[in-house]
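[1] The sequence and its predicted three-dimensional model are supplied below.
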Amino acid sequence: MRRSVFSSSRIALATLGLLGPVLGCSTEADTPKAPAPTPLSPDAEGTPLAEVLPHWDALVARSEGAPAVRWSAHGTPMSIFGTLSGPQPAVSAADARRFLADNAQLLQLTGSLANLDEVANFESPLGTHVTFVQRYQGVRVLGAEIKVHFNRAGRIVALNNTSVPHLHLDTRPQISAQDALDVALAAVPATARDDADAPEAPELVIHTDTGTPALVYRVVVPTDGPTLEFFVDAKTGAVLGEPADLNHYLVNGTGQVFKDNAVVATQNNNLIDSNDAAAAVPSNAYSIVTLQGLNGNNLLDGQFASGSASKRRAAGTNNAFLFLRDTNAFSETMAYFHLDFAQRYIQSLGFTNVNNRQQVYSIDKLTADNSFYSPSTQKITYGTGGVDDAEDGEVIVHEYGHSVQDNQVPGFGSTEEGGAMGEGFGDYLAGTVNSSLTGDFQLTCLAEWDATFYAAGVPHCLRRLDSTKHFPQDKDGEVHDDGEMWSASLFQIRTAFGAAKADKLIIQAHFLLSASANFSDGSNALVTAAINLGFSATDVSTVRTILKNRGFTVTA
């Protein structure tokens, strides 16, 4: 599999000259001392603190059956799946708070529950999901949140917890937000920001990943490639470590439109790009489709998609966008159609609040053979290297998969396994959405039109949905590679139950996850969602078996 310049954050940062000794490390802040919390490595598995065990036993005694639990490095539950409460006719955030108060010693919630701010309360086909973020003296604790999940009967069936116990530090900054922004901007070459969006306003947060809590500014700086996240010590002005690239990339990424892509539309694996030549693709590859939800301005701006981030916009005539592939207008039309179709497909499964927004994208700002979703701007950028990425519907929808997960679980993929689940879900969503549009031709081969530019063999495949990789033996730490284990498991579930039933289950399960979820959490979420969506005992057993046979730990 070819690796593009944006296939890893480290390579992308190197292209901007941001690796090496340029960035310093923060010194310990001059703050009152308390026992430092254990650094919370999202990938780490912990063991329970002795003092929480009686409270865990009490929760188990109150629950129906033995709940599945993952312990954090703090010694507190990081995720729990099971029937954790009795039914009630109506639920609210107050009910979630009462449950947290009843289990405050188990979760080591020191001080008042007023330190938890409700930030989300929404419905899904499974039930109600309430999210709280942790604050300390009014400052958000980065990545620290608690989610409480109720099913339709009003029972609590899952909990996610990344709160940090026993915090104690001085929350008075010594530098300003503008100072922190200036520090971050000084680390980015000016030429890397020629066409970039404006930086976000720095946010004062508490950073705990290094073990000793630190008061820092989180500074997000978009560039023409990576979207960089800096942490600037609010006491000293030093940068903590290397900046992270927040973008979600498709490694080898890419309406009159191709339904799916030119290869699938013609069922001809011998097509080649020929430098965007119109003559390279026969006329029977094109379809005339209805572009739904346009706002009538003769631009591709609509209810669920907008090409407004593109440099040069496709101009319609009486809201008709009839172009051949030798123009960028064709790519913009392709992206609009496939993004809009994907959102309407998700809504057809019963989800009216999953990424139900206008997805902004560009098709001509990145010349690399790559694409990415940026959680900072919530925009998708499709590259023009090789086969233009927005000519392949599976590339288009893969990136939309990252947007979907970021909408359901903001910040999803903070662990390597979570990142792999994100890539695997994006691949799976691309396959299943486009199958509902075009049928099952080469269903398990992903992005076969875009991949003609770099992949050997016939058909040309960016990745596949039928991998035989097994966890943990085949894990190599590269999220796209490891994502094939997850996408193959999802595809097996689809084979067992059919597309609609499987797709509803898979999207529903995301609501039960936190940003730091791993393969075990993802597996337990699928089983818990199946139980609470009314799957039969046999069907639930099938889900468990598929996941266990792949090597994942399933305890729900």
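    Yep, it's here.

[2] Can you give me the pLDDT of the closest residue to G138 other than its chain neighbours?
    Nearest residue to G138 in three dimensions, chain neighbours excluded: T171, at 7.3 Å (C-beta to C-beta, 6 or more residues apart in numbering). For every residue, glycine as well, the C-beta is placed using N, CA and C. Listed pLDDT for T171 reads 96.

[3] T171: neighbour count?
    Residues within reach of T171, counting by other C-beta atoms under 10 Å, total 16.

[4] cool, T468 as well?
    Using other C-beta under 10 Å: T468 sits among 10 other residues.

[5] Not counting sequence-adjacent ones, nearest residue to it?
    In space, T468 is closest to A488, 7.5 Å off (C-beta to C-beta, 6+ apart).

[6] How about the contacts made by that neighbour?
    G424, R464, L465, D466, S467, T468, K469, R550 (C-beta atoms under 8 Å, 6 or more residues apart in numbering).

[7] So it belongs to a helix, correct?
    Yes: with DSSP: H, G, I helix; E, B strand; the rest coil as the criterion, A488 is located in a helix.

[8] ok, back up a step: next up, phi/psi of the residue nearest to G138, please.
    Main-chain torsions, T171, degrees, to the nearest 10: phi -100, psi 20.

[9] Return the per-residue confidence for G413.
    With respect to pLDDT, G413 scores 89.

[10] where does it land in three-state SS?
    From three-state DSSP, the assignment for G413 is coil.

[11] Could you measure from it over to D179?
    30 Å (C-beta to C-beta, to the nearest Å).

[12] Could you do N269 as well?
    For N269 relative to D179 (C-beta to C-beta), the value is 56 Å.

[13] what do you get for S414?
    In terms of C-beta to C-beta, S414 sits 27 Å off from D179.

[14] now the strands for the stretch 251-400 of the chain?
    Secondary structure of the stretch 251-400 of the chain by DSSP state E, counting those that start in this stretch: the strands cover 256-258, 286-288, 305-306, 359-366, 371-374, 379-383.

[15] Which among these is found nearest to Y428?
    strand 371-374 (15.7 Å; C-beta to C-beta).

[16] Dump the C-alpha coordinates for that closest one into CSV.
    Provided in CSV are the C-alpha atoms of strand 371-374 (Å, rounded to 0.1, in the frame of the first residue of the first chain):
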residue,chain,number,x,y,z
SER,A,371,-7.7,13.7,1.4
PHE,A,372,-8.6,14.5,5.0
TYR,A,373,-11.3,15.6,7.4
SER,A,374,-10.4,18.3,9.9
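
[17] Tell me the strands beside that strand, with direction?
    Strand 371-374 sits in its sheet next to strand 248-250 (antiparallel), strand 379-383 (antiparallel), going by DSSP bridges.

[18] what's next to the last one, contact-wise?
    In this structure, residues lying in contact with strand 379-383 by C-beta under 8 Å, 6+ apart are 197, 247, 253-254, 309, 331, 335, 339, 359-363, 365-374, 388-390, 395-396, 399-400, 403.

[19] could you dump the strands paired with strand 371-374 to CSV with mean pLDDT, distance to P125 and mean neighbour count?
    Below are the strands paired with strand 371-374 laid out as CSV (pLDDT from 0 to 100; distance: least, C-beta to C-beta, whole Å; neighbours: other C-beta atoms under 10 Å):
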stretch, mean pLDDT, distance to P125, mean neighbour count
strand 248-250, 63, 25, 30
strand 379-383, 97, 26, 28
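
[20] Dump those strands into CSV; add distance to L322 as well.
    Listed next are these as CSV, based on distance: least, C-beta to C-beta, whole Å:
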stretch, distance to L322
strand 248-250, 27
strand 379-383, 20
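
[21] Would you work out how far apart the start and end of stretch 288-302 are?
    18 Å (C-alpha to C-alpha, to the nearest Å).

[22] Give me the residues contacting it.
    255-257, 259, 303-308, 313-319, 321-322, 332-333, 336-337, 340, 344, 358.

[23] longest single strand anywhere in this protein?
    Counting by DSSP state E, the longest strand found in the chain is strand 139-151.

[24] which outside residues touch the helix or strand following that one?
    Later in the chain than strand 139-151, the nearest helix or strand by DSSP states H and E is strand 156-161. Identification of contacts with strand 156-161 by C-beta under 8 Å, 6+ apart yields 72, 76-85, 96, 99, 107, 126-127, 145-151, 512-514, 517, 521, 525, 528, 531-532.

[25] Only C-alpha atoms, please: export strand 156-161 in PDB.
    Only the C-alpha atoms of strand 156-161 are listed here, as PDB (Å, rounded to 0.1, in the frame of the first residue of the first chain):
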ATOM      1  CA  ILE A 156     -28.700   2.900  32.100                       C
ATOM      2  CA  VAL A 157     -26.800   0.500  29.900                       C
ATOM      3  CA  ALA A 158     -23.400   2.000  29.400                       C
ATOM      4  CA  LEU A 159     -21.100   4.600  30.900                       C
ATOM      5  CA  ASN A 160     -17.800   6.200  29.600                       C
ATOM      6  CA  ASN A 161     -15.500   7.900  32.100                       C
END
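
[26] Begin at 166, not 1, for the rest of this chat.
    Done: numbering now begins at 166, and the last item shifts to strand 321-326.

[27] For the following helix or strand past it, output the C-alpha coordinates as PDB.
    Per DSSP H and E, the first helix or strand lying C-terminal to strand 321-326 is helix 342-351. The C-alpha trace of helix 342-351 is given here as PDB (Å, rounded to 0.1, in the frame of the first residue of the first chain):
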ATOM      1  CA  ALA A 342      -4.000  33.800  25.000                       C
ATOM      2  CA  GLN A 343      -2.500  36.100  22.300                       C
ATOM      3  CA  ASP A 344       1.000  35.300  23.600                       C
ATOM      4  CA  ALA A 345       0.200  31.600  23.300                       C
ATOM      5  CA  LEU A 346      -1.100  32.100  19.700                       C
ATOM      6  CA  ASP A 347       2.000  34.100  18.800                       C
ATOM      7  CA  VAL A 348       4.200  31.200  20.100                       C
ATOM      8  CA  ALA A 349       2.300  28.700  18.000                       C
ATOM      9  CA  LEU A 350       2.300  30.800  14.900                       C
ATOM     10  CA  ALA A 351       6.000  31.400  15.200                       C
END
